[in-house]
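take a look and give me a structure for this.
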Amino acid sequence: MGLNPALIIRLLSEVKEFRRNHPKMTRFIDDEFFTDLPEGSVVEITVTRPGEKPVTGNFKTLKSDCQLLKDMKELK
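Reported below is the predicted structural model:
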């Protein structure tokens, strides 16, 4: 699977817009995800859609997850 340059450019633009629109969340993500999240950490996310009950999911980080987050830090 090759990388689509147009998609990468679009994603970078969308990330910049997300950062502008949600500065507190992006600071949280930078502080918690991109600051050496240790293996065995539990990440939990709750989504609350309008008019619906919240739905929560979680996972415990593996070594490969930590490496992925380190690699993603290089992209920001």
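
hmm, Lys60 and Ser41 touching each other?
Yes - in terms of Cβ atoms under 8 Å, Ser41 counts as a neighbour of Lys60; the distance is 7.1 Å. C-beta here means a position set from N, CA and C on the backbone, and glycine is covered the same way.

these two: which is more packed in?
The residue with more neighbours, out of Ser41 and Lys60, is Ser41; 13 against 10, by other Cβ atoms under 10 Å.

where in the protein is pLDDT low?
Counting by pLDDT under 70, the chain has low-confidence residues at 1, 75-76.

quick one, strands of it?
Using DSSP state E, the strands of the chain run over 42-47, 55-60.

reformat the ones you listed as JSON lines; add distance to His22.
Converted to JSON lines, the strands of the chain look like this (distance: least, Cβ to Cβ, whole Å):
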{"stretch": "strand 42-47", "distance to His22": "14"}
{"stretch": "strand 55-60", "distance to His22": "20"}
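
ok, which of those comes nearest Glu74?
Distances from Glu74 to each of the strands of the chain were compared using Cβ to Cβ; the shortest belongs to strand 42-47, at 19.8 Å.

quick one, what contacts Lys73?
Counting by Cβ atoms under 8 Å, 6 or more residues apart in numbering, Lys73 makes contact with Phe34.

against Lys24, how distant is it?
Lys73 sits 19 Å away from Lys24, going by Cβ to Cβ, to the nearest Å.

do Val47 as well
17 Å.

same check on Lys63?
Applying Cβ to Cβ, the value for Lys63 to Lys24 is 30 Å.

the two - which one has more neighbours?
Taking other Cβ under 10 Å, Lys63 and Lys24 do not tie; Lys63 has more neighbours (10 against 7).
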